[in-house]
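A.B. asks: kindly return the folded structure for what I paste below:
(chains A and B)
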Number of protein chains: 2
Amino acid sequence: MDPRSLITEDQEDPLAVPEFLPTAPYRGTRDFLPPEMSVRTQVFGTLYEVLERYGFQRYDGPVLESAEIYEAKSGQEIADQQLYTLTDRGGRRLALRPEMTPSVARMIAGNAGSLQFPVRWYSHPNCHRYERPQRGRVREHWQINADIFGSESANCEIEIFELIHDMLRALGATEDMFVVRANDRTLLSSALTDLVGVTDEQLSPVFSLVDRWEKQDREKLAETAAEIGLTTKQFDRLTEVLGAGTALLDELPEAVKENSHLVRVLSSGSADLVRFDPLIVRGLAYYTSTVFEVFDTSPENNRALFGGGRYSDLAGLFTAQQIPGIGFGMGDVTLIDFLQTHGLAPAPRAEVDVVVIPVTEDLEDAARTVATKLRRAGLRTSVPLEPRKLGKELGRADKAGARAVVIVGQEDWEHGNVTVRSLATRDQQQVGVDAAAGAVADLLTP
Amino acid sequence: MDPRSLITEDQEDPLAVPEFLPTAPYRGTRDFLPPEMSVRTQVFGTLYEVLERYGFQRYDGPVLESAEIYEAKSGQEIADQQLYTLTDRGGRRLALRPEMTPSVARMIAGNAGSLQFPVRWYSHPNCHRYERPQRGRVREHWQINADIFGSESANCEIEIFELIHDMLRALGATEDMFVVRANDRTLLSSALTDLVGVTDEQLSPVFSLVDRWEKQDREKLAETAAEIGLTTKQFDRLTEVLGAGTALLDELPEAVKENSHLVRVLSSGSADLVRFDPLIVRGLAYYTSTVFEVFDTSPENNRALFGGGRYSDLAGLFTAQQIPGIGFGMGDVTLIDFLQTHGLAPAPRAEVDVVVIPVTEDLEDAARTVATKLRRAGLRTSVPLEPRKLGKELGRADKAGARAVVIVGQEDWEHGNVTVRSLATRDQQQVGVDAAAGAVADLLTP
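C.D. replies: Numbering: from 1, shown residues only, chains lettered A, B, ... in the order given. You can find the predicted model right below:
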């Protein structure tokens, strides 16, 4: 018999513990404590700078959007399975944005009259997808979106590829660590119809097959090809075509190549930025010509980091005006995995540069006065909030990553002086109060 | 007879227009186009810097939280009326965070073992409240949260007040533009019971009455006081007490004042940072002693900008460990209203510093080479994406806010030169390609 069953409701249960709510975040979402947040802000701060050096301007939009903008555009899988939806008291069906493209399409359409096209825009929203959490997949992630809207020029492709290289290089990556694999859906269509003999009806399922080419084994692919209606000979030819790389271009009709942005990129001074690869398709339905994916070249992390492409009619849901766009989305999870794989993730920043320590509680006001001077000189400076022995405070300053302390002692202070001490060398010197900031700065710049 | 009724379903309706989805954001939420986003990022970027100069470390958490953490803590009004909730397929009841405090309490509780208390943390989340949209109230806003956790020292109050002054000054505000009005709920309780004769049962409704003191007319207040059970004499005494300002402190018992952080602040070297004001209560239930609100002093915008306070047991929902906290939340809407009222809102940043213009399409690769050099020198640089006449391109560069252009001409380029031109003075000079960045930088720094 369970001894607890003897306890009646009126008695205090001696085994009861107060019930606390769980401290873990909702499954698939993440808390960013200061060390992780410091990595995130350093990495993305660097990327913002690169984007702005290209003239990309940041925008933002709401987390909540009308659900219908995803149901119409994002493909069935996302709308049915991956959308967090709710209904407000006015009966409006809302969704937490799973991606930024429909939102930016809405904004571009609504403001098309006042924009000087082409425009370069970027954003860094948090997006929600209701997926089973697994490596590289979370339910809320932070994604850089960078797009050029309103131009049909191949210069857009070149600029986007340049930008990607510069963004990754700014994070410390070298060219051997990643590769931009690019394709043009119109080239692939031509290859499939003209070289493999795929019919118009078969095109869409064959695109899906190509999309899975590197993920499934050969037997499974052959099986699917047969289901679509391809002969064994066609399947072999498809295999050849997809493996041909740049050589495939020689086999394609001039008329098709002439109109391809990607072919123009490959004949420009920026050809080295991408590798033509017939295998790149990208699942999402709205890309119409150029598509690309950036891959980690490390065998340890051999996967797509992010990708994007061109859509000829971005805002068709919202306006009759045809506005093309090309861009990419870059999520924080895969990006930081990439940096960690290559030893490029920045260390979390120290909490402060310097701590100002009053020797007694009476000197707390004095310590604050000194701290104010240091902060005005741009130094990240803290003062202890609670009285502690000097030795203990030095240990805490060291733990916080400070490289210097300023000690405010009674007699010194009466003479207008303080002691500046290096936590690395333990060297210390007495200086006038107004010289403290300079002395600390000298310690920080070796 | 309506002529359209003649049209049968099979005929094409000549009056039909294609149906487009609306381009406005969901009611009460906002799109931030680049000009507004530039203001937001400049303002908050400045605030991040000030916070970090005090040793505050940024953190972040998920938009989606378990709904129960708000239902338990945020007060009935928010939970019932103002929460956006949804249920996931696992039956978990979730909410879009309406504020950050419950999230940060969860994080602090979950990581208390590894933190070196006290900690200074800040965040800048988007929070959702389902309110009727009105001036200064939106359904999604961006709020700075700054808190010190784990210290019961009055030094926390002093630092928070110093920080607030420095944050507003960093945005260009002078001391006459705002005032920090502060109270201590324990002082107010003592004044109400000891001086006005309020009973313990009456305390809570009288606090609510004080909270409405400046918002309702005197008749309405007197009526409510009578309903609570205060006599006319008590109501008059209450009026005296609430209007007494600092003089009220002289009337309060020493034992009460001794334990008040606010009284310690008022006797420190930082007393000038706040004005003691018995009228400040703050509605939210979890504040336990110090409470404060920052007011705009402009008669045009005479309202609370933001506020905060101290809670003696922040994380009680999540842990038995008693962790005190003091901090504030600062929303973007009222803050930017304040800056606009005082003419302090920053201008949106120009899109770029400089545009590199190829005179012919053949020179596009050359222009990109020059642009790369300028970007490496830190200049925000764009190149045209589509071919246009030079005059037209100069006009577009001017509109984009560029102050200089670099013109790449055929003959110049062959000799390794480009032309650097000021858009303000129209002066131009021919320089070697590698000298272009320096020449442009000279034009930008007057």
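
A.B. asks: only C-alpha atoms for contact and neighbour calcs from this point on.
C.D. replies: OK.

A.B. asks: I'd guess A:Ile326 is in a strand, am I close?
C.D. replies: Yes: A:Ile326: assigned to a strand according to DSSP: H, G, I helix; E, B strand; the rest coil.

A.B. asks: residues contacting it?
C.D. replies: In this structure, A:Ile326 makes contact with A:147-149, A:156-157, A:308-311, judged by C-alpha atoms under 8 Å, 6 or more residues apart in numbering or on different chains.

A.B. asks: in helices, which of these fall?
C.D. replies: When these are checked against helices using DSSP state H, the ones located there are A:156-157.

A.B. asks: now for the contacts of A:Ile326: which two are most distant?
C.D. replies: Checked with C-alpha to C-alpha, these reach their widest spread between A:Phe149 and A:Gly308, with 13.6 Å between them.

A.B. asks: just the contacts of A:Ile326 now: which is nearest chain B?
C.D. replies: Closest approach between the contacts of A:Ile326 and chain B, by C-alpha to the nearest C-alpha: A:Cys156, at 6.3 Å.

A.B. asks: for the closest one, give me its contacts.
C.D. replies: Contacts here follow C-alpha under 8 Å, 6+ apart; on that basis A:Cys156 touches A:148, A:326, B:385.

A.B. asks: read off the pLDDT value for it.
C.D. replies: In this model, A:Cys156 is scored at 98, pLDDT.

A.B. asks: repeat that for A:Asn302.
C.D. replies: The predicted structure scores A:Asn302 at 80 on the pLDDT scale.

A.B. asks: need the contact list for it.
C.D. replies: For A:Asn302, the residues meeting the contact criterion (C-alpha under 8 Å, 6+ apart) are A:295-296.

A.B. asks: now the residue in the stretch 251-400 of chain A positioned nearest to chain B: how far from A:Ala367?
C.D. replies: Per C-alpha to the nearest C-alpha, the residue of the stretch 251-400 of chain A with the smallest distance to chain B is A:Arg380, at 3.8 Å. Between A:Arg380 and A:Ala367 the distance is 14 Å, computed by C-alpha to C-alpha, to the nearest Å.

A.B. asks: got it, and A:Ala173?
C.D. replies: Distance of A:Ala173 to A:Ala367, given as C-alpha to C-alpha: 43 Å.

A.B. asks: who's more crowded, the two?
C.D. replies: Remark: of A:Ala173 and A:Ala367, A:Ala367 carries more neighbours, 25 against 18, as counted by other C-alpha atoms under 10 Å in any protein chain shown.

A.B. asks: list the contacts of the more buried one.
C.D. replies: If you count contacts by C-alpha under 8 Å, 6+ apart, A:Ala367 has them with A:356-358, A:383, A:408.

A.B. asks: which secondary structure element contains it?
C.D. replies: Element membership for A:Ala367, per DSSP states H and E: helix A:364-376.

A.B. asks: after that helix, next one along is what?
C.D. replies: Scanning forward in sequence from helix A:364-376 by DSSP H and E, the next helix or strand is strand A:381-382.

A.B. asks: off-centre distance for that following strand?
C.D. replies: Here strand A:381-382 shows a centroid-to-chain-centroid distance of 31 Å under the convention C-alpha atoms, centre = their mean, to the nearest Å.

A.B. asks: okay, now the residue lying closest to A:Ser151 once chain neighbours are set aside: neighbour count?
C.D. replies: With sequence-adjacent residues excluded and distances taken as C-alpha to C-alpha, 6 or more residues apart in numbering or on different chains, A:Ser151 is closest to A:Pro118, at 5.5 Å. A:Pro118 is surrounded by 18 other residues when neighbours are defined as other C-alpha under 10 Å.

A.B. asks: with the one 5 residues further on instead?
C.D. replies: Other residues lying near A:Ser123 total 23 when counted by other C-alpha under 10 Å.

A.B. asks: is it true that it touches A:Asp147?
C.D. replies: No: distance between A:Ser123 and A:Asp147: 9.2 Å, which falls outside the contact criterion (C-alpha atoms under 8 Å).

A.B. asks: pLDDT below threshold where in the stretch 1-150 of chain A?
C.D. replies: Scanning the stretch 1-150 of chain A for pLDDT under 70 picks out the ranges A:1-18, A:73-80, A:133, A:135-136.

A.B. asks: helices of that one, residue ranges please.
C.D. replies: Along the stretch 1-150 of chain A, the segments classed as helices by DSSP state H, counting those that start in this stretch run A:34-53, A:68-73, A:76-77, A:101-110.

A.B. asks: what does the stretch 151-300 of chain A give?
C.D. replies: With helices called from DSSP H, counting those that start in this stretch, the stretch 151-300 of chain A shows them at A:154-170, A:185-190, A:200-211, A:218-228, A:232-243, A:248-251, A:254-258, A:261-266.

A.B. asks: could you dump the ones you listed to TSV with distance to B:Phe56?
C.D. replies: Below are those laid out as TSV (distance: least, C-alpha to C-alpha, whole Å):
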stretch	distance to B:Phe56
helix A:154-170	27
helix A:185-190	49
helix A:200-211	47
helix A:218-228	55
helix A:232-243	53
helix A:248-251	56
helix A:254-258	56
helix A:261-266	47
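
A.B. asks: mind checking how far A:Glu214 is from A:Leu279?
C.D. replies: According to C-alpha to C-alpha, A:Glu214 stands 8 Å off from A:Leu279.

A.B. asks: quick one, domains of chain A?
C.D. replies: Here the domain parsing of chain A from automatic domain parsing is A:34-341, A:354-444.

A.B. asks: so which of those domains comes closest to B:His415?
C.D. replies: Evaluated over the domains of chain A, closeness to B:His415 peaks at domain A:34-341, with 19.1 Å, by C-alpha to C-alpha.

A.B. asks: how about the strands of the stretch 251-400 of chain A, start to end?
C.D. replies: In order along the chain, the stretch 251-400 of chain A carries the following strands (DSSP state E, counting those that start in this stretch): A:275-276, A:290-296, A:304-311, A:325-331, A:354-358, A:381-382.

A.B. asks: for stretch A:145-155, give me every contacting residue.
C.D. replies: Taking contacts as C-alpha under 8 Å, 6+ apart, the residues outside stretch A:145-155 that touch it are A:56, A:100, A:117-124, A:156, A:261-262, A:264-265, A:312, A:323-330, B:385-386.

A.B. asks: first-to-last residue distance for it?
C.D. replies: Using C-alpha to C-alpha, one end of stretch A:145-155 lies 19 Å from the other.

A.B. asks: mind listing what's buried in it?
C.D. replies: Buried positions in stretch A:145-155, judged by neighbour count with 16 or more other C-alpha atoms under 10 Å in any protein chain shown: A:145-152, A:154-155.

A.B. asks: stretch A:377-385 now?
C.D. replies: In terms of neighbour count (16+ other C-alpha under 10 Å), stretch A:377-385 has its buried residues at A:378-385.

A.B. asks: ok, now stretch A:128-140?
C.D. replies: Neighbour-count burial for stretch A:128-140, with 16+ other C-alpha under 10 Å as criterion, is recorded at A:128-130, A:137-140.

A.B. asks: A:Phe161 touches A:Ala271, doesn't it?
C.D. replies: No: the pair A:Phe161 / A:Ala271 is not scored as a contact, 9.7 Å apart, by C-alpha under 8 Å.

A.B. asks: which one's more surrounded, these two?
C.D. replies: For A:Phe161 versus A:Ala271, the count of surrounding residues by other C-alpha under 10 Å is larger for A:Phe161: 23 against 16.

A.B. asks: how about the nearest residue to that one, chain neighbours excluded?
C.D. replies: The spatial neighbour of A:Phe161 that comes closest, neighbours along the chain excluded (C-alpha to C-alpha, 6+ apart), is A:Leu273 at 6.3 Å.

A.B. asks: for the buried residues of stretch A:128-140, which one is nearest A:Ala112?
C.D. replies: When the buried residues of stretch A:128-140 are compared against A:Ala112 (criterion: C-alpha to C-alpha), the nearest one is A:His128, at 27.3 Å.

A.B. asks: related to what we said a few turns ago, is it possible to get a markdown table of the contacts of A:Cys156 that adds distance to B:Gln81?
C.D. replies: Compiled in a markdown table, the contacts of A:Cys156 are given as follows (distance: C-alpha to C-alpha, whole Å):
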| residue | distance to B:Gln81 |
| --- | --- |
| A:Ile148 | 41 |
| A:Ile326 | 42 |
| B:Leu385 | 50 |
